[in-house]
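A.B. asks: Sequence plus the predicted model coming up.
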There are 2 protein chains.
Amino acid sequence: MLSIGTLARRTGTKVQTIRYYEQIGLMPEPGRTEGGQRRYGNVELDRLSFIRHSRQLGFSLEAIRELLDLSDSPERSCAEVDAVAQRQLREVEARIARLEALRVELRRMLRDCDADRVADCRILEVLRDHEQCLSDHDRAGA
Amino acid sequence: MLSIGTLARRTGTKVQTIRYYEQIGLMPEPGRTEGGQRRYGNVELDRLSFIRHSRQLGFSLEAIRELLDLSDSPERSCAEVDAVAQRQLREVEARIARLEALRVELRRMLRDCDADRVADCRILEVLRDHEQCLSDHDRAGA
DNA sequence: ATAGGGTCTACAGCAACTGTAGGTTCAAGA
DNA sequence: TCTTGAACCTACAGTTGCTGTAGACCCTAT
């Protein structure tokens, strides 16, 4: 029987985070001692590990909820799990693309500025005047 | 004289967002009509454009506040502006690196799973068992 | 028996907005 | 001039995924 602190240490989670997961129904309500403290077993340890690892891979809590539901019905088709993971991959790739556009522009901004005084600073100028901006991520929509 | 709605349309901002920026002191309190509606001029239009463009480049509101303060003192050294932009670039690059690690792992997960039933799904297995995970982003600390 | 660290609930706060409710104002048309 | 209805007003709650705090209580080792 594990206390919430031990569970926290074993999974690299904060105690409050575990209580939060319980609150939103992602973790089950555990048994309690006479005094009212939570006690966990290995099932809960595994479930929390699953949640944490999925979070590390960038899955939203809603997506994790979906995956946990799916893994509770082992006879169902794996296609749905696949779809959730695919969706996550696409989201990650979209974020990478966006950040790479930002990187290009930030680098260009930094490269072009060799002023001394703020008054002549190209960086501020670029930020002020959108027309100097190469990328079109904001007009492309999405 | 621009109404808040016109300003919003011109800068691609939501009306509430403009009021929010005013609330946190990023936009100044504008003049008002007799009836109490906000009216803006070109100074505010430029300031809001600056804010929005900076946000599109991923700067935090705090960083933008700093940049706006700096641009108010044109005689100061440009180095501080440079430092803010450098910091932002490093943050963007760190996020890209992290996301690329996620992409690798998600792709591997998807590639390795050709099961039919949830019970045999490699994706869930990987999520369950951290040891199957190639990357070490969570042990590397930060 | 007591000391201390761990745990409890309940709530506030973070970023950066977004949405809602219920009321008021403005500008254009009849 | 009056009326309509879109735009505006304030104030507050909600979003995501936690994190921190206060003040009280429990558990275990000595």
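C.D. replies: Yes, it's here.
A.B. asks: so residue A:39 sits in a strand?
C.D. replies: Yes. Counting by DSSP: H, G, I helix; E, B strand; the rest coil, residue A:39 is located in a strand.
A.B. asks: what sits opposite it in the beta ladder?
C.D. replies: Residue A:39 forms beta bridges with residue A:31, as assigned by DSSP bridges.
A.B. asks: how many other residues sit next to it?
C.D. replies: 15 (other CB atoms under 10 Å in any protein chain shown). C-beta here means a position set from N, CA and C on the backbone, and glycine is covered the same way.
A.B. asks: in which helix or strand would I find the spatially closest residue to residue A:55 that is not a sequence neighbour?
C.D. replies: Distance criterion CB to CB, 6 or more residues apart in numbering or on different chains; nearest residue to residue A:55, sequence neighbours excluded, is residue A:64 at 7.1 Å. Assigned by DSSP states H and E, residue A:64 belongs to helix A:61-71.
A.B. asks: Show the secondary-structure elements that that helix is packed against.
C.D. replies: In terms of contacts (3 or more CB pairs under 8 Å, 6 or more residues apart in numbering or on different chains; DSSP states H and E), helix A:61-71 is packed against helix A:42-56, helix A:79-112, helix B:122-128.
A.B. asks: again, only using 6 Å
C.D. replies: Using 3 or more CB pairs under 6 Å, 6 or more residues apart in numbering or on different chains; DSSP states H and E, the elements in contact with helix A:61-71 are helix A:79-112.
A.B. asks: packing partners for the helix it packs on?
C.D. replies: Secondary elements touching helix A:79-112 (3+ CB pairs under 6 Å, 6+ apart): helix A:61-71, helix A:122-128, helix B:79-112.
A.B. asks: Let me know the secondary structure of the residue with the shortest distance to the centre of chain A.
C.D. replies: In chain A, the centroid-proximal residue (CA atoms, centre = their mean) is residue A:58; its distance is 3.7 Å. Three-state call for residue A:58 (three-state DSSP): coil.
A.B. asks: ok, how many other residues are close to the closest residue to it other than its chain neighbours?
C.D. replies: Distances taken as CB to CB, 6+ apart put residue B:102 closest to residue A:58, at 5.2 Å, once the chain neighbours are dropped. For residue B:102, the neighbour count with other CB under 10 Å is 23.
A.B. asks: mind listing what residue B:102 touches?
C.D. replies: By CB atoms under 6 Å, 6 or more residues apart in numbering or on different chains, residue B:102 lies in contact with A:57-58, A:92.
A.B. asks: Export these to CSV and append columns for distance to residue B:44 and pLDDT.
C.D. replies: CSV is the format used below for these (distance: CB to CB, whole Å; pLDDT from 0 to 100):
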residue, distance to residue B:44, pLDDT
A:57, 43, 87
A:58, 38, 88
A:92, 38, 92
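A.B. asks: Kindly provide the distance from the residue in chain A that DNA strand C sits nearest to to residue A:39.
C.D. replies: Taking CB to the nearest atom of the strand, DNA strand C has its nearest neighbour within chain A at residue A:5, 2.1 Å off. Between residue A:5 and residue A:39 the computed distance is 11 Å (CB to CB, to the nearest Å).
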